[in-house]
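**Q** Below: sequence and its predicted model.
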Amino acid sequence: MEDHKIVQRNIALQREWYGEPLGDRVRRLVVAFDVSQANLADVLGISAPMLSQVMSGRRAKIGNPAVLARLIMLERKILTPEVASGRREALQNALDDVRASKPAVTRDNLPVDVGRSAIMALRRLASPEDLTEAAGLLDQRFPDLAELLRRAGKRR
């Protein structure tokens, strides 16, 4: 697949997984906090080259859920009166707060619908019959995974 098609596919996946391309979300944060992309990458806990690849669509996803959680934390901080004021001290405090955070991301508090994304990915990989059969094989040892496969195997 040529580069342009890969980028377009990745951006389409970002829309599906994150609601919009990650480049748009990150650019809003760069502007709102008046920081460089490299500084934002440091706050998020990701390398600057990796952030650049995600923004440009050369990579489809943020692989570390804690990085995604920090991105969402920053998006929410934009809405607070202190940060919305644009005061340099408030902006820096928000960035420092997120940089120091150690978000515990679990199935119960993951900020995106991973189940839906996983189901859609599984449906692209296998037929409903194969998914249901695989669920049966996993039932005893991995009931949660079996349930996910079963959900993916249900006809829409």
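**A** Looks like it came in fine.

**Q** Tell me how many other residues surround Ala84.
**A** 12 (other CB atoms under 10 Å). Any C-beta I mention is one placed from the backbone N, CA and C, and that applies to glycine too.

**Q** And it, how far from Gln92?
**A** The spacing between Ala84 and Gln92, counted by CB to CB, to the nearest Å, is 15 Å.

**Q** Secondary structure class of the residue of the chain most remote from its centre, three-state.
**A** Residue farthest from the centre of the chain, counting by CA atoms, centre = their mean, is Gln140 at 30.8 Å. Following DSSP: H, G, I helix; E, B strand; the rest coil, the label given to Gln140 is coil.

**Q** Can you give me the distance of it to Pro128?
**A** Relative to Pro128, and taking CB to CB, Gln140 is found at 22 Å.

**Q** Repeat that for Pro65.
**A** For Pro65, the distance to Pro128 equals 28 Å [CB to CB].

**Q** cool, Asp96 as well?
**A** Counting by CB to CB - Asp96 and Pro128 are separated by 49 Å.

**Q** out of those two, which sits in the busier spot?
**A** Neighbours per residue (other CB under 10 Å) separate Asp96 from Pro128, with Pro128 holding more: 15 against 11.

**Q** Report how many residues lie close to the closest residue to that one other than its chain neighbours.
**A** The spatial neighbour of Pro128 that comes closest, neighbours along the chain excluded (CB to CB, 6 or more residues apart in numbering), is Gly153 at 4.4 Å. For Gly153, the count of nearby residues is 20 (other CB under 10 Å).

**Q** can you check Lys61 too?
**A** Applying other CB under 10 Å, we find 15 other residues in the vicinity of Lys61.

**Q** same question, Leu44
**A** Per other CB under 10 Å, the neighbour tally for Leu44 reads 24.
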